[in-house]
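1. Curious how this folds, go ahead:
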Amino acid sequence: MGDAKSPVPMASWERDRELLIPVAEHSAEDPDSKASSSVPAHLHSSGREAFYKVIHSWASKKFMTGCVILFPIAFTFYITWWFIHFVDGFFSPIYAQLGINIFGLGFVTSITFIFIVGVFMSSWLGTSVLSLGEWFIKRMPFIRHIYNASKQISSAVSPDQNKQAFKEVAIIRHPRVGEYAFGFITSNVILQRDNGEEELCCVYVPTNHIYIGDVFLVDSNDVIRPNLSVREGIEIVVSGGMSIPQILTTLHQH
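-> As a prediction, this is how the structure comes out:
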């Protein structure tokens, strides 16, 4: 009878052994793997994505900073180099025909030629020759419009400040109260009325850099004249207002 009862304890011992084996194997695992398994996988991925976004944002910002700094420098050197080659190309072919290949010699010759033209055109004889040339140009159907427009633009920055040039830099109240427009005084007009005369200033307000704009007739007493030269005013307009000084002082007003 003792032998008949022995399978029961054996079966119970086998069940206990099966229950104890997973516990032992689980306790034998590495503590680091247990700790890592307790952190969800999506937290690891979100942390990596946030880190990559920070690095990408930092790299993009520094790259754009470098572009902003290097672009005006590179553009200035490119325009200067192009201008040197362009001016050098007027006389360098002549020197090449003579067998003289010296870089910059044509540029120096062109600058000297421009200077001589400026001196010659400032004399009475040069003015007469220029007037004769303009007489022929103004009788050409299409060329005269191009010449007149380009001459008016060049006259605006002329150091002679002739009657076609911009006289002064002006600030007028436009288009509504509390807003101002930046422009140039081109001429003065006398408006005759029944009760007297009124002096008006013809103010040119550029709307597309220097080439296109609007003309306003403003009372001379309402025109604000800042202490800026015409060249400084043109630089402000061309740069879109970025070169305007932070403080503007005014000149006398009529």
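2. Could you look up the SS state of I55?
-> helix (DSSP: H, G, I helix; E, B strand; the rest coil).
3. what's the neighbour count on it?
-> A count of nearby residues for I55, using other Cβ atoms under 10 Å, gives 10. Heads up, the C-betas are built off the backbone N, CA and C, glycines and all.
4. Per-residue confidence, it, what does it come out as?
-> On the pLDDT scale, I55 is placed at 86.
5. for E29, same thing?
-> 48.
6. Kindly report the same for the one 3 residues further on.
-> In this prediction, D32 carries a pLDDT score of 48.
7. swap in V189?
-> Looking at V189, its pLDDT is 86.
8. Name the SS class of it, please.
-> Classification of V189 using three-state DSSP returns strand.
9. beta partners for it?
-> Beta-bridge partners recorded for V189 (DSSP bridges): L200.
10. That one reaches C202, doesn't it?
-> Yes - in this structure, V189 is within contact of C202 by Cβ atoms under 8 Å, at 5.9 Å.
11. Y180: what's it in contact with?
-> Residues in contact with Y180, defined by Cβ atoms under 8 Å, 6 or more residues apart in numbering, are I171, I172, R173, H174, I224.
12. what residue ranges in this protein score low on pLDDT?
-> Counting by pLDDT under 70, the chain has low-confidence residues at 1-44, 153-165, 209, 251-254.
13. Do a quick rundown of the strands in it.
-> Assigned by DSSP state E, the strands in the chain fall at 168-173, 180-193, 196-208, 212-219.
14. anything in contact with each of V189 and C202?
-> Counting by Cβ under 8 Å, 6+ apart, the shared contacts of V189 and C202 are L217.
15. which one of those two has more residues nearby?
-> In this view V189 and C202 are compared by other Cβ under 10 Å, and C202 has more residues nearby, 17 against 11.
16. The more buried one and Y180, how far apart?
-> Applying Cβ to Cβ, to the nearest Å, the value for C202 to Y180 is 18 Å.
17. sorry, back to before: now a PyMOL select for only the buried ones of the contacts of Y180.
-> To isolate the buried ones among those in PyMOL, judged by 16 or more other Cβ atoms under 10 Å, type:
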select buried, resi 171+172+174
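18. Output the contacts of Y180 in a markdown table; the columns should cover distance to T65.
-> Output for the contacts of Y180, formatted as a markdown table (distance: Cβ to Cβ, whole Å):
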| residue | distance to T65 |
| --- | --- |
| I171 | 34 |
| I172 | 38 |
| R173 | 39 |
| H174 | 37 |
| I224 | 37 |
